[in-house]
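[1] below are the sequence and a predicted model; questions follow.
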Amino acid sequence: MVNSKAYPHTRTSSSVKFLSRKPSPFVITLYIIFLFAFAISVFLFNTRAILEDEPSPLISEVSESQSSRVPDDQLWGATFNNGLQPCVRPTAKYKEAQESHRYITVKSNGGLNQMRTGIADMVAVAHIMNATLVIPQLDKRSFWQDSSTFSDIFDEFHFISTLQGDVNVIKELPKELESVPRARKHFTSWSGVAYYEEMTHLWKDYQVIHVAKSDSRLANNDLPIDIQRLRCRALYYALHFSPSIESLGKKLVERLRSRTGRYIALHLRYEKDMLSFTGCTHGLTEAESEELRIMRENTNHWKVKKINSTEQRIEGLCPLTPKEVGIFLQALGYPPSTSIYVAAGEIYGGNTHLLELTSRFPNLVFKERLAEPQELKQFSNHASQMAALDYIISVESDVFIPSYSGNMARAVEGHRRFLGHLKTIIPDRKGLVKLFDGLDSGQLTEGSSLSRLVQQMHKYRKGSPRRRKKVQHQELRGRARFRTEESFYENPYPECICKSKVRGHT
């Protein structure tokens with residue numbers, strides 16, 4: 001108690017003594033220095049706070065530090081496949097091919113992947129109709145005017161030998177049948193087994209049936225499991241690319257990995273024909289828009305001539321622009337240093353439009369830069385062979401992202417699902433358009449808020465296992481509804497993917 005009462009008195013006495021003492025020049029100097037240092041520290045602290053509160057420039061938005069906030073495994077890690085794997089072995093009920101003197105010849109239409117899936121369909125059709133399949137002729141009249149033959153693109157010997165037991169395949173029609181009358185058929189799209197069993201009545205009058213188009217000849221759903229698995233064996237095991245394409249494709253993948261390690265394969269559908277076909281002109285000049293309109297008007301087999309570009313875009317029916325792709329990748333969390341392989345033809349507008357992507361992601365790689373000129377020489381002027389190289393590199397990528405849901409995008413997605421549900425990010429174009437418009441109007445700004453919205457929107461769009469979607473629009477009736485179904489080759493689960501330990505076709 002005594003000490004507690006004495007403490008204030010002692011402290012007061014000391015203070016009086018100190019204040020009554022005249023400070024020396026040295027003490028005054030120290031005091032001034034202290035005040036000056038304190039003022040400087042306060043100024044720097046406040047300046048830093050002001051800078052942090054102000055909007056960051058674009059380069060800050062795409063900095064490595066910001067992108068690194070997303071965990072590495074979230075950016076590059078494989079999806080959880082729940083132990084699923086390829087499952088294509090025939091069931092005990094499967095009937096192997098019998099020797100047949102009835103023949104099917106085929107004209108495969110479309111680009112590379114339209115032809116590939118069409119050929120797989122025709123393998124199954126030949127099996128159903130118990131016919132020998134003649135190596136298909138490839139489309140030489142499409143937009144690309146590619147003169148490639150089957151053996152230029154595919155390994156013919158491998159195709160024939162792999163399908164032994166499923167379908168008899170021969171290189172050419174027997175000489176004695178070249179001049180006989182043929183039944184020329186446009187088989188009905190998305191048909192089932194019953195339809196082709198009915199078509200066997202043609203064998204009563206003809207020994208050869210010529211199929212004018214091969215794409216979408218079979219339904220996506222409700223086919224026997226052995227027919228579905230045969231389609232997978234044909235596409236993934238039998239229909240390999242030619243040795244020269246396979247060899248260069250593998251070299252380019254190795255070369256890409258040795259330079260950059262992990263990479264994204266971006267299928268950038270920003271070619272002139274695609275923009276003209278879809279009628280999408282967002283971000284283009286008036287002159288460019290008019291050029292595309294004229295092209296659409298002059299392309300006879302494109303049925304729709306007048307298209308409202310704004311409505312197309314709002315409905316998510318337009319390919320993402322290079323600028324939109326850059327914003328999208330940045331919002332997902334990929335850093336500017338990310339290596340991106342661009343699987344595409346000639347980008348419309350060239351560097352003018354591509355700059356909107358390279359300004360955010362400068363490490364874009366094209367096959368023309370990855371390969372030596374001499375390596376690509378034999379494939380030049382053959383769009384389907386060049387597309388095959390893109391296909392190989394896309395299937396092997398760490399992440400595959402298509403800017404539009406075309407034939408190649410669907411084929412690569414399905415192949416990657418078949419191989420173990422490799423990461424494939426499918427942009428929600430309809431949802432993204434609303435965000436992009438918000439950026440343009442100033443309602444949204446690039447940064448963490450936009451990233452959260454984009455990442456949440458695509459949380460379940462990364463290629464994880466799910467069963468194939470059937471009818472998309474219940475109100476549709478008749479054959480029109482089949483157009484809305486998810487393609488079998490886009491997602492061959494569950495028929496060709498299961499938890500079975502059997503992987504191969506034996």
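    Ah, there it is.
[2] avg pLDDT for whatever helix or strand Ala411 lives in?
    Using DSSP states H and E, Ala411 sits within helix 407-418. For helix 407-418, mean pLDDT rounds to 97.
[3] after that helix comes which helix or strand?
    helix 429-441.
[4] contacts for that following helix, please.
    313-318, 320, 324, 327-328, 404, 444-446, 450, 453-454, 457 (CB atoms under 8 Å, 6 or more residues apart in numbering). Any C-beta I mention is one placed from the backbone N, CA and C, and that applies to glycine too.
[5] and the average pLDDT for that helix is what?
    The average pLDDT within helix 429-441 is 97.
[6] for that helix, buried residues please.
    Under the neighbour-count criterion of 16 or more other CB atoms under 10 Å, helix 429-441 has Arg429, Leu432, Val433, Leu435, Phe436 buried.
[7] surely Tyr222 is in contact with Ser191?
    Tyr isn't right for residue 222; it's Asp. No: with contact defined as CB atoms under 8 Å, Asp222 does not reach Ser191; the gap is 11.1 Å.
[8] out of these two, which sits in the busier spot?
    Ser191 (21 against 9; other CB atoms under 10 Å).
[9] how close does the more buried one sit to Ala124?
    Here Ser191 is placed at a distance of 11 Å from Ala124 (CB to CB, to the nearest Å).
[10] ranges for the strands of this protein?
    85-86, 103-108, 132-134, 137-138, 169-170, 183-185, 208-211, 264-267, 340-343, 364-365, 399-402, 497-498 (DSSP state E).
[11] walk me through the domains of this protein.
    73-82+242-498, 103-238 (automatic domain parsing).
[12] pLDDT below threshold where in this protein?
    Where the chain drops to pLDDT under 70, the residues are 1-68, 142-144, 471-480, 500-506.
[13] quick check, central residue of it?
    By CA atoms, centre = their mean, the chain has its centre lying nearest to Pro402, at 2.9 Å.
[14] distance-wise, check that residue relative to His353.
    18 Å.
[15] also Asp428?
    Taking CB to CB, one finds Asp428 at 22 Å from His353.
[16] for Leu450, same thing?
    Relative to His353, and taking CB to CB, Leu450 is found at 22 Å.
[17] give me the more crowded residue out of those two.
    For Leu450 versus His353, neighbours defined as other CB under 10 Å are more numerous around Leu450 (20 against 17).
[18] show me the contacts for the more buried one.
    Each residue near Leu450 by CB under 8 Å, 6+ apart is listed here: Ile327, Ala331, Leu435, Leu439, Leu444.
[19] need those residues in CSV (columns: distance to Ile393).
    Converted to CSV, the contacts of Leu450 look like this (distance: CB to CB, whole Å):
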residue, distance to Ile393
Ile327, 24
Ala331, 25
Leu435, 29
Leu439, 31
Leu444, 34
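[20] looking at those residues, which is nearest Pro492?
    Ala331 (30.6 Å; CB to CB).
[21] ok, and the closest non-adjacent residue to the closest one?
    Closest residue to Ala331 apart from its sequence neighbours, by CB to CB, 6 or more residues apart in numbering: Val454 at 3.8 Å.
[22] also Phe80?
    Phe80's closest residue in space is Ser464 (CB to CB, 6+ apart), at 6.4 Å.
[23] and for Val304?
    Using CB to CB, 6+ apart, the closest residue to Val304 is Gly279 (7.5 Å).
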